[in-house]
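Asks: just coords:
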C-alpha cells in the first residue's frame, strides 16, 4: 500500500513533495504585496532558486505561481544532474554551462539543506549508461568517444564490468559507460527545500495566484497585474517553464521560442527482495533513478503533443518494457504512480537566460530536461544580472538575442495580452 494514502496507484499526478520528516509544510502567503524589488513568475526549481538567491542578497522578492510550487516540470522530473550523460553532438556550449552548474551543486546543496533544515537526497554514486545487446554497443561507443573528445571523466566498461557494478542488470548487458560525476537529487525534497529557504530569506511565495498581465510602458517593465491588482516591480523574471512561450502570456510584447515537450514517467516501489540499483542506470529507452525511500523512478518519454496531459497505455508499456530489459527485478515491484510533465524546450534545446530588450524584463526558462542540473548556474546568472547588471561565465552564451529574428523591434512592441499564464 502506498505511503501517500489509501490509494495504491496514482494516475496523472507526480508523487507529492516531502517537506520534512514530519510532513509539515510552509504556510502559503496569499496576499500579494503592493510592490517588490523583483517579481518572479513561476515557482518551479528555476524560479525558486532565483528567488532564494535574490532574497539572500537583500532584495524584496515576490514569486507568483498559478498552482502549487513545483507543479510543472519540477516535480515531474527524476532529478538527474548528468552533464556527461546528457552530452549531445554540437552541445559544447551547453556542456560548459552544465559543468559549471555541476561544480556549483555541492555547495548549493549544503547551503540549501542548512537553510531548509532537511536533506534533499543528493546522491553521488554516479550514473551508468548501458548497451542492452551487441546492436547497441556501437552507438554507446560513439557516445563515449564524444565524451572523451570533451575530456569528460567517464569510463568504458565491458559487459562483465558493467554487471559487476550493478549485479541486478540483465545478463545481456554488453557494455557500459560509468560517469562518476553525474549525480542525482530527489525533486520531491528539492522543491520544498527551495521554498522553505526562499521564505526564510524573506521571499513571498504566492501560490494559486496567476499573473494576468505585465505592466509595460515606454519599453520598461513596471510590474505585474493579478486579480488582486498591480504589484509594482522594476524587475520581473519570467520563469514559467513550458508556458513561457505562450503568446497568450505576452501578446506582441515579446516572442519567447519555448514549447512544451511532454514526458511520461512512473514510480515503482521496491521490496526487500528486489532492492533498487545503487546507481542511476540509463539505457537507450529509459533511465532508472533509485531514491532513498526504496522507490525507483522510471523516465521518460519524449512527445511533441503540446499540453496534452494524458497518461497513455503505449507510454506506460514502453517505460515498463524498457526498464524490464535492463532490470528484470522490476517485474516484482509495485507500480505506485504514473504521470506526465512538460519540459520547457527552446528551439535549440538550450536555456534562455538574461535580458529581453524590455528594460527590467528578464528570462530564466527553456531548460529542456536539465532544469534541476542547471538550477545553481541559472540562479547565479540571474542574481548577477539583477544585482550587478551583467551575467558572467557560460550563461552569457544563452541570451534571447540568439533568436533575434523572431522578435519584433522595440518600437513595434505593445502591452502584453490580458491573459493568465
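Replies: Received the coordinates, thanks. Because the structure is predicted, anything quoted here is derived from the model rather than measured.

Asks: low-confidence ranges, the chain, go.
Replies: 1-9, 19-30, 248-249, 405-421 (pLDDT under 70).

Asks: state which helix of it is the longest.
Replies: Identified as the longest helix of the chain according to DSSP state H is helix 92-116.

Asks: so what touches that helix?
Replies: 52, 81, 83, 86-87, 119-120, 122, 150, 181, 183, 185, 190, 192-194, 196-197, 200-201, 349-351, 370, 373-378, 380, 393-395, 397-398 (C-beta atoms under 8 Å, 6 or more residues apart in numbering). In this view, the C-beta of every residue, glycine as well, is placed from N, C-alpha and C.

Asks: what's the answer for stretch 309-317, then?
Replies: Contacts for stretch 309-317 (C-beta under 8 Å, 6+ apart): 11-12, 264, 266, 301, 303, 338-340.

Asks: please redo it, this time with the cut-off set to 10 Å
Replies: Here stretch 309-317 makes contact (C-beta atoms under 10 Å, 6 or more residues apart in numbering) with 11-13, 262-266, 298, 300-301, 303, 305, 318, 335, 337-342.

Asks: just the buried members of these?
Replies: Buried members of the contacts of stretch 309-317, counted by 16 or more other C-beta atoms under 10 Å: 13, 262-266, 298, 300-301, 303, 335, 337-342.

Asks: report the beta-bridge partners for residue 41.
Replies: residue 64, residue 238 (DSSP bridges).

Asks: in the strand or helix carrying residue 144, what's buried?
Replies: Residue 144 belongs to helix 137-149 when assigned by DSSP states H and E. Under the neighbour-count criterion of 16+ other C-beta under 10 Å, helix 137-149 has 137, 140, 143-144, 146-147 buried.

Asks: would CSV of these with distance to residue 283 be doable?
Replies: Listed next are these as CSV, based on distance: C-beta to C-beta, whole Å:
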residue, distance to residue 283
137, 13
140, 10
143, 12
144, 15
146, 18
147, 17
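
Asks: closest to residue 155 out of the residues you listed?
Replies: Among those, residue 144 lies closest to residue 155 (C-beta to C-beta), at 8.8 Å.

Asks: dump the residue contacts of that closest one.
Replies: Residue 144 is in contact with 84, 129, 152, 154-157, 175-177, 179, counting by C-beta under 10 Å, 6+ apart.

Asks: what's the answer for residue 90, then?
Replies: Under the criterion of C-beta under 10 Å, 6+ apart, the neighbours of residue 90 are 348-349.

Asks: helix, strand or coil for it?
Replies: coil (DSSP: H, G, I helix; E, B strand; the rest coil).

Asks: for it, give me phi and psi.
Replies: As for residue 90, its main-chain torsions (degrees, to the nearest 10) stand at phi 80, psi 10.

Asks: quick check: the gap between it and residue 139.
Replies: Distance of residue 90 to residue 139, computed by C-beta to C-beta, to the nearest Å: 17 Å.

Asks: need phi/psi at the residue lying closest to residue 125 once chain neighbours are set aside.
Replies: Nearest residue to residue 125, sequence neighbours excluded (C-beta to C-beta, 6 or more residues apart in numbering): residue 279, at 4.9 Å. Main-chain dihedrals, residue 279, degrees, to the nearest 10: phi -120, psi 160.

Asks: helix/strand/coil for residue 128?
Replies: Put simply, residue 128 is strand when judged by three-state DSSP.

Asks: ok, the residue lying closest to residue 390 once chain neighbours are set aside - contacts?
Replies: For residue 390, ignoring the flanking residues on the chain, the nearest one in space by C-beta to C-beta, 6+ apart is residue 384 at 6.5 Å. Shown in contact with residue 384 (C-beta under 10 Å, 6+ apart): 53, 390-393, 395-396.

Asks: what's the answer for residue 378, then?
Replies: By C-beta under 10 Å, 6+ apart, residue 378 lies in contact with 45-47, 49-50, 53, 97, 101, 239, 351, 353, 364-365, 367, 370-371, 391, 395, 398.

Asks: that one belongs to a strand, doesn't it?
Replies: No - Residue 378 sits outside any strand when classified using three-state DSSP, being helix.

Asks: how far is the longest helix of the chain from where the chain is centred?
Replies: 13 Å (C-alpha atoms, centre = their mean, to the nearest Å).

Asks: picking that back up, take the contacts of helix 92-116 and keep only those in strands.
Replies: Using DSSP state E, 81, 183 are the members of those that sit in strands.

Asks: ok so, going back, would you convert the contacts of residue 144 into TSV that also reports neighbour count?
Replies: Formatted as TSV, these follow (neighbours: other C-beta atoms under 10 Å):
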residue	neighbour count
84	26
129	26
152	19
154	24
155	15
156	16
157	22
175	23
176	27
177	24
179	26
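
Asks: which pair of those residues spans the longest distance?
Replies: Applying C-beta to C-beta across those, the maximum distance is between 152 and 175, 17.1 Å.

Asks: okay, now the domains of this structure?
Replies: 30-122+183-258+344-421, 127-180 (automatic domain parsing).

Asks: the helices in the stretch 201-350 of the chain, which residues?
Replies: 247-250, 313-326 (DSSP state H, counting those that start in this stretch).

Asks: which one of those helices lies nearest to residue 161?
Replies: helix 313-326 (15.8 Å).

Asks: flag every buried residue along the closest one.
Replies: Along helix 313-326, these residues count as buried under the neighbour rule (16+ other C-beta under 10 Å): 315-316, 319-320, 322-323, 325-326.

Asks: and those residues as JSON lines, adding distance to residue 206?
Replies: Below are the buried residues of helix 313-326 laid out as JSON lines (distance: C-beta to C-beta, whole Å):
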{"residue": "315", "distance to residue 206": "34"}
{"residue": "316", "distance to residue 206": "35"}
{"residue": "319", "distance to residue 206": "35"}
{"residue": "320", "distance to residue 206": "39"}
{"residue": "322", "distance to residue 206": "40"}
{"residue": "323", "distance to residue 206": "39"}
{"residue": "325", "distance to residue 206": "45"}
{"residue": "326", "distance to residue 206": "43"}
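
Asks: take the contacts of residue 144 and keep only those in helices.
Replies: Counting by DSSP H, those contribute nothing to helices.

Asks: between those residues, which is nearest residue 285?
Replies: The nearest one, if we look at the contacts of residue 144 relative to residue 285 and count by C-beta to C-beta, is residue 129, at 11.8 Å.
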